[in-house]
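Visitor: Generate a structure from the sequence data that follows.
(chains A, B, C and D)
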2 protein chains.
Amino acid sequence: MAYLERELGTQFGGRNSPGAGAGVADPKAYASFASFGGKTSKYDGHSVIYFEGDAARRLYELSSGTVMLFKLLPDGRRQVVEVLRPGDIFGFSAADEYDCTAETLISSEIHELDLRLVDGSAELQRKLTKCLTNQMKVLHEHAVLLGRKSAVERVASFLMYLVPGRGGTECVGPADETNDGFDIELHMTRQEIADYLGLTIETVSRVVSDLKRRGIIRVDRADRIHLHKVCSLCQMTGFH
Amino acid sequence: MAYLERELGTQFGGRNSPGAGAGVADPKAYASFASFGGKTSKYDGHSVIYFEGDAARRLYELSSGTVMLFKLLPDGRRQVVEVLRPGDIFGFSAADEYDCTAETLISSEIHELDLRLVDGSAELQRKLTKCLTNQMKVLHEHAVLLGRKSAVERVASFLMYLVPGRGGTECVGPADETNDGFDIELHMTRQEIADYLGLTIETVSRVVSDLKRRGIIRVDRADRIHLHKVCSLCQMTGFH
DNA sequence: CGACACATTGAATTTTGTCAAGACCTGTGG
DNA sequence: CCACAGGTCTTGACAAAATTCAATGTGTCG
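Guide: So this is what the prediction gives:
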């Protein structure tokens, strides 16, 4: 939202995303949540921050680490609806209950802010609007993935999502044709990936094995993958 | 359309939030967009309001009618990502381009507002935050549908969305056991429904025929359906 | 009436899921 | 250092679900 970016970008300094690695988060020049009060907590990996159905009292900003939001059906089927990165805000609630469970994927620092503070600040409102708009765009793309993409396209899209500046519709291709590799860390188990992509764990595993067999990726550890040919992978996302 | 417009004006509290007062889709809960300036236009059914990729210059509020937002893959696959109702706002953009195409399903009245006017009003910001939060919740539920539900569950969920105050996780059941019927108008072709539910037109048609055969619904016209037993249908949504 | 778009149905095919082993990795304790 | 226990992950065979392709119906509008 250009009109928001202008203001926020100038009024507050950009903030370096903590946590090295993925660097996937596009540079979001948000004002830090901290300037509005509240407190920061440290969570271990796989800790629940709140459960779907809990009374919504706080808003959260992910300072470092990774958080997923998911919903469960009564029979145990799970859908991971968002995977959040540093700078993202979560805990929005249309009713007075959280509509998803929030759980860390890896150890994370999270800043919390009482919901009652939100109405007061126009700055904060603008920040929220911008963040929500961005998340909405991601959700739209994810709906395409879930509704219309094959298993291979889903996994390829997922991997490409972890390569900064590549994989979108507007991807420009490799900067250097001869050296189009990249290392990524998933920070997610096969089960979490499957629940995010709307597949089963076995299907995810099979697709990964297949990409390996075809020489497109190398699996160093289950959650650490080297992409030999980013561009080939990009061709498999359904965007081209 | 008659029933929907009536209901929406009075009690319909958002596509999927039974009562609850979340009520974002209730036009009366907020100052109309009109009080912030801009103009209202009338669109015929199946008119494009803007295309994915167009420069994002305006925000829109649906006053009456129905609008869908969809995305296309290069090979023609389409995913309808949102179906909007009166009171909903659309045209948000995280970058400076619209990320979806917006098209009316039926003839609609739409109020437009220049994006530059948005910064000025704190009240408008609040309205946007509220509306975005609600749409996000709907998108989360839709992700569950697309990622984890069977064809029957998807169609049942879709039909239940159109019954005010029923079909959510917390659905209370029929007010009157002996008379649990309801008439709905879809305002969508089979193709649009299929693209919304992540299915093919044939699968949607087969599921509808099957529900008909089992005496759960009656198809008066392709887009006008009587639900004989709302509660039975509700049992098929995957929420129970 | 006839043309056209939309919807339905059936049969064959493809994709993904299910179930059941088996392999691998990692940390623990002998 | 090795064995092994308990996860997680991978693989294979089979089943189920949904898609594809090809007719066939149905309704609307000139």
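Visitor: How about the residues of chain A by DNA strand D?
Guide: Contact residues, chain A versus DNA strand D (C-beta under 7 Å from any atom of the strand): A:189-191, A:201-202, A:204-206, A:208-209, A:219, A:222-223. Yep, even glycine has a C-beta here, placed from its N, CA and C like the rest.
Visitor: Could you dump the residues you listed into TSV and include secondary structure and pLDDT?
Guide: Formatted as TSV, those follow (DSSP: H, G, I helix; E, B strand; the rest coil; pLDDT from 0 to 100):
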residue	secondary structure	pLDDT
A:Thr189	coil	97
A:Arg190	helix	98
A:Gln191	helix	98
A:Ile201	helix	98
A:Glu202	helix	98
A:Val204	helix	98
A:Ser205	helix	98
A:Arg206	helix	98
A:Val208	helix	98
A:Ser209	helix	98
A:Val219	strand	96
A:Ala222	coil	93
A:Asp223	coil	93
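Visitor: Name the residue of chain A that lies nearest to DNA strand D.
Guide: A:Ser209 (2.8 Å; C-beta to the nearest atom of the strand).
Visitor: picking that back up, got a winner among the residues of chain A next to DNA strand D for most neighbours?
Guide: The member of these surrounded by the most neighbours (other C-beta atoms under 10 Å in any protein chain shown) is A:Val204, with 23 neighbours in all.
Visitor: So the longest helix seen in chain A, near chain B or not?
Guide: Looking across chain A with DSSP state H, the single longest helix is helix A:122-148. Yes: Helix A:122-148 is in contact with chain B by C-beta under 8 Å from any C-beta of the partner chain, via A:122, A:125-126, A:128-130, A:132-137, A:139-144, A:146-148.
Visitor: Would you list the buried entries among the residues you listed?
Guide: A:125-126, A:128-130, A:132-137, A:139-144, A:146-148 (16 or more other C-beta atoms under 10 Å in any protein chain shown).
Visitor: residue contacts, A:Val138?
Guide: Contact analysis of A:Val138 by C-beta atoms under 8 Å, 6 or more residues apart in numbering or on different chains lists A:Glu82.
Visitor: quick one: it and B:Leu139, what's the gap?
Guide: Going from A:Val138 to B:Leu139 by C-beta to C-beta, to the nearest Å gives 10 Å.
Visitor: cool, A:Glu202 as well?
Guide: The gap separating A:Glu202 from B:Leu139 is 28 Å, by C-beta to C-beta.
Visitor: A:Gln125 now?
Guide: 21 Å.
Visitor: And A:Glu61, which helix or strand is it part of?
Guide: Element membership for A:Glu61, per DSSP states H and E: strand A:58-64.
Visitor: Is there proximity between the helix or strand just after that strand and chain B?
Guide: For strand A:58-64, the succeeding helix or strand toward the C-terminus, using DSSP H and E, is strand A:67-72. Yes: for strand A:67-72, a contact with chain B is found by C-beta under 8 Å from any C-beta, at A:Leu69, A:Lys71.
Visitor: what about dumping the CA coordinates of the helix or strand following strand A:67-72 to PDB?
Guide: Once strand A:67-72 ends, the next helix or strand along the chain (criterion: DSSP H and E) is strand A:78-84. The C-alpha trace of strand A:78-84 is given here as PDB (Å, rounded to 0.1, in the frame of the first residue of the first chain):
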ATOM      1  CA  ARG A  78      -5.200 -29.500  10.500                       C
ATOM      2  CA  GLN A  79      -4.600 -26.600   8.200                       C
ATOM      3  CA  VAL A  80      -1.700 -24.300   8.700                       C
ATOM      4  CA  VAL A  81      -3.100 -21.000   7.400                       C
ATOM      5  CA  GLU A  82      -0.100 -18.700   7.800                       C
ATOM      6  CA  VAL A  83       3.600 -19.000   8.400                       C
ATOM      7  CA  LEU A  84       4.800 -15.700   9.900                       C
END
